[in-house]
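In: Sequence plus predicted model, see below.
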There are 2 protein chains.
Amino acid sequence: MEQLLILKIGGNVIDQPEALAAFLDDYVRIESKKILIHGGGKIATDVSRALGIETQMVDGRRITSAETLKVVAMVYGGLVNKTIVSGLQARGGNAIGLTGADANVIVAKKREDKKIIYGYVGDIARVNVAPIIQFLDTGLSPVFAPLTHDGKGALLNTNADTIAAALASALCMHYRTRLIYCFDKKGVLVSADENAVIPQLTLAQYHDLKAKGIISKGMLPKLEEAFAALQSGVTAVILCHASQVQLAVEGDSKLGTTLVL
Amino acid sequence: MEQLLILKIGGNVIDQPEALAAFLDDYVRIESKKILIHGGGKIATDVSRALGIETQMVDGRRITSAETLKVVAMVYGGLVNKTIVSGLQARGGNAIGLTGADANVIVAKKREDKKIIYGYVGDIARVNVAPIIQFLDTGLSPVFAPLTHDGKGALLNTNADTIAAALASALCMHYRTRLIYCFDKKGVLVSADENAVIPQLTLAQYHDLKAKGIISKGMLPKLEEAFAALQSGVTAVILCHASQVQLAVEGDSKLGTTLVL
């Protein structure tokens, strides 16, 4: 099977033009088939504030009112997505920006939670791999905004980490899929020391570190989804700093944290 | 050659949820290959105002500062484009939203004008038809936001009428292409009477009406581009009201204004 790299980048790259430029330089050098998923939460919060729309977060998830949905459609689907796509085109990378609604690639279901009213937040119901494979086969590199749709006309806000894991799980039947989460740490940390990166993290170790409260709250959903992707057949899941992505791609096992079942 | 319909819709459809829903109902019923181009200027102006960014128009064209470019990237590329795409998906229309940067479909050059500093406004330099044909061949219906890119990393604001004409001119070698401009009038009017629609407008008549000042200022660039598209080999160019699109598509010559060389 051919290799596919699925990379997720978050706010620490997107918010800083220089960091984004450096990342895009590295990204276009990746020769295998590849998919990029981006966030954009900080910009969405800034634009919401400028528009006088209150941002409400619960457990790191954005409560998405009708007004907030418009903001994330603008920021994720428009500003951030098209900035990245045009940046890749300038570097010779033939990218195509997508939300879940485009070519019907990711269908989600509006979250129903009796305790918390999340609003227009979607849990992924189905990934349609055929158009994605077609794009990859014709040399196009998809760039996903963290938006899905319900197939009934509503866009939904879906976490970018979740989209990355769902794409990896759905595509690993077709490609040797490596999933790389780029974030603001050098990997999974086992102490407050920024360099205390655990090179390999097994599921058992994860449960142990979670029980001891060493792995912080924000990392839990990311790691849960990453392990689920690994269990579904993804070849490798790596967490590293965005500046290390080139090395992580080359399979330098000393870099970042590699998950192991 | 197979038929291709290229439809452009403007603010009078996009700004009104009910009018947009009615239009999308009609649009999905069109059985031939099709491309939709949308504007969104009024929403961009509203969002600019809410963000405290001044809107400056010269001859109906938006002066596009770096700040305004962010707004149009958000509104055209995100909010409006994804609202239409998800609306089409809900009706069973497999749409894909595009800007000129996506799959590198439309490359433009930043306008250089010695008298007026337009900012990030792009004049179309090249339409890459291969990816568009590929999307059409795989059953995807492109929905274009009025944004292009310069191939050097900058998004550019490009008039939606212009994009529609450029797409029609580029694609008419591959399809029997009909270009339909949907707007807020029933066609080209020859007096202040909203029903004084001229059914057929020849290039000679256009020059005559223009010289007499009967055709209004805003219509001039639209008609110039429409005639240019006709001259380049587009099969038919029709101007009609958005509510009449179904009939215009069926080729009812009594409806709207058909341009004739």
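Out: Alright, I've got the coordinates.

In: Show me how far stretch A:66-79 is from its chain's centre.
Out: Centroid separation between stretch A:66-79 and its chain, computed with CA atoms, centre = their mean, to the nearest Å, is 17 Å.

In: Can you list the buried residues in it?
Out: For stretch A:66-79, the neighbour count (16 or more other CB atoms under 10 Å in any protein chain shown) marks A:68-79 as buried. All C-beta spots, glycine's among them, are computed from the backbone N, C-alpha and C.

In: Excluding chain neighbours, what is closest to the residue of chain A at minimum distance from chain B?
Out: Closest approach between chain A and chain B, counting by CB to the nearest CB: A:Gly78, at 2.5 Å. In space, and not counting its chain neighbours, A:Gly78 is closest to B:Gly78: 2.5 Å by CB to CB, 6 or more residues apart in numbering or on different chains.

In: Thought A:Thr83 was touching the one you found, still the case?
Out: No. Shown here, B:Gly78 and A:Thr83 do not form a contact pair, counting by CB atoms under 8 Å, at 11.2 Å.

In: In contact with A:Tyr120, which residues?
Out: A:64-66, A:68-69, A:110, A:154-157 (CB atoms under 8 Å, 6 or more residues apart in numbering or on different chains).

In: try A:Leu179
Out: A:6, A:8, A:164-165, A:168, A:226, A:229, A:234, A:236-238.

In: If you rank those residues by neighbours, which is first?
Out: The most crowded member of these, judged by other CB atoms under 10 Å in any protein chain shown, is A:Ala168 (32 neighbours).

In: Mind pulling up the pLDDT for it?
Out: The confidence metric pLDDT takes the value 98 at A:Ala168.

In: Identify all contacting residues around stretch A:205-217.
Out: Taking CB under 8 Å, 6+ apart as the rule, stretch A:205-217 contacts A:59-60, A:188, A:190-191, A:198, A:201, A:220, A:223, A:227, A:259.

In: Which members of those residues are classed as buried?
Out: A:188, A:190, A:198, A:201, A:223, A:227, A:259.

In: My guess is the second one contacts A:Ile198. True?
Out: Yes. Between A:Val190 and A:Ile198 a contact is recorded at 5.1 Å, counting by CB under 8 Å.

In: Quick check on A:Leu201: phi, psi?
Out: phi -120, psi 120 (degrees, to the nearest 10).

In: can you check the one 4 residues further on too?
Out: Taking degrees, to the nearest 10, you get phi -60, psi -40 for the backbone angles of A:Gln205.

In: re earlier: wait, which of the buried residues of stretch A:66-79 is closest to B:Glu2?
Out: For these, the residue nearest B:Glu2 by CB to CB is A:Gly77; the value is 30.9 Å.

In: so how far is B:Lys70 from the nearest residue to the closest one once chain neighbours are set aside?
Out: Take A:Gly77 and drop its neighbours on the chain: the residue closest to it by CB to CB, 6+ apart is B:Gly78, 3.7 Å away. B:Gly78 is 11 Å from B:Lys70, where distance means CB to CB, to the nearest Å.

In: A:Lys33 now?
Out: Distance of A:Lys33 to B:Lys70, computed by CB to CB: 31 Å.

In: Could you count how many residues lie near A:Gln16?
Out: Close neighbours of A:Gln16, defined as other CB under 10 Å, add up to 13.

In: Quick check, pLDDT for the residue nearest to A:Gly78.
Out: B:Gly78 is given a pLDDT of 98.
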